[in-house]
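Colleague: the following comprises the amino acid sequence and a computationally predicted model.
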Amino acid sequence: QVQLVESGGGLVQAGGSLRLSCVASGRTFSSYVMGWFRQAPGSEREFVSTISWSGGRTYYADSVKGRFTISLDNAKNTVYLQMNSLKPEDTAVYYCAKRTKPIPTPITRAGGYDYWGQGTQVTVSS
């Protein structure tokens, strides 16, 4: 089994920044994909970003491209999401996820991931 624990959420004013972290523990895999999703009240879980285990391939939703940066520290088993220029519409619970069987194309469906964290709340005030 894999455990994922997110942290770093909080309340920030519009235009501000936050950095989310997700620490993975448990079973290890030689190749995998990490992803960030978010879910606002009354909405479906939405893809934010994904990164390959090597860190060489990243992909972003159009809504966050140019503002968010995903990165991976394999030595720390941690994936990060640096969020800059935050907007009120970024308010949501943010989840990290792990897929243990990578494929060449970016995985943007929530159903494509095997393990999930418990989420961390991000609130952006206007």
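Modeller: Received it, and whenever you're ready, just let me know what you need.
Colleague: how about residue 106, secondary structure?
Modeller: At residue 106 the chain is in coil, as set by DSSP: H, G, I helix; E, B strand; the rest coil.
Colleague: what pLDDT does it get?
Modeller: Note for residue 106: predicted pLDDT of 89.
Colleague: show the contacting residues for it.
Modeller: The neighbourhood of residue 106, defined by CB atoms under 8 Å, 6 or more residues apart in numbering, consists of 50, 57, 59. The C-beta positions use only the backbone N, C-alpha and C, and glycine is treated the same way.
Colleague: how near is residue 93 to residue 101?
Modeller: 26 Å (CB to CB, to the nearest Å).
Colleague: and the nearest residue to residue 119 once chain neighbours are set aside, backbone torsions?
Modeller: Once flanking residues are discounted, residue 119 sits nearest to residue 93: 4.2 Å by CB to CB, 6 or more residues apart in numbering. Dihedral pair for residue 93: phi -90, psi 130, per degrees, to the nearest 10.
Colleague: over to residue 24?
Modeller: The phi/psi pair for residue 24 (degrees, to the nearest 10) is phi -100, psi 140.
Colleague: now the residue nearest to it when sequence neighbours are not counted: how far from residue 58?
Modeller: Distances taken as CB to CB, 6+ apart place residue 77 nearest to residue 24, at 4.6 Å, with adjacent residues excluded. According to CB to CB, residue 77 and residue 58 sit 18 Å apart.
Colleague: same check on residue 41?
Modeller: 28 Å.
Colleague: same deal with residue 12?
Modeller: Going from residue 12 to residue 58 by CB to CB gives 23 Å.
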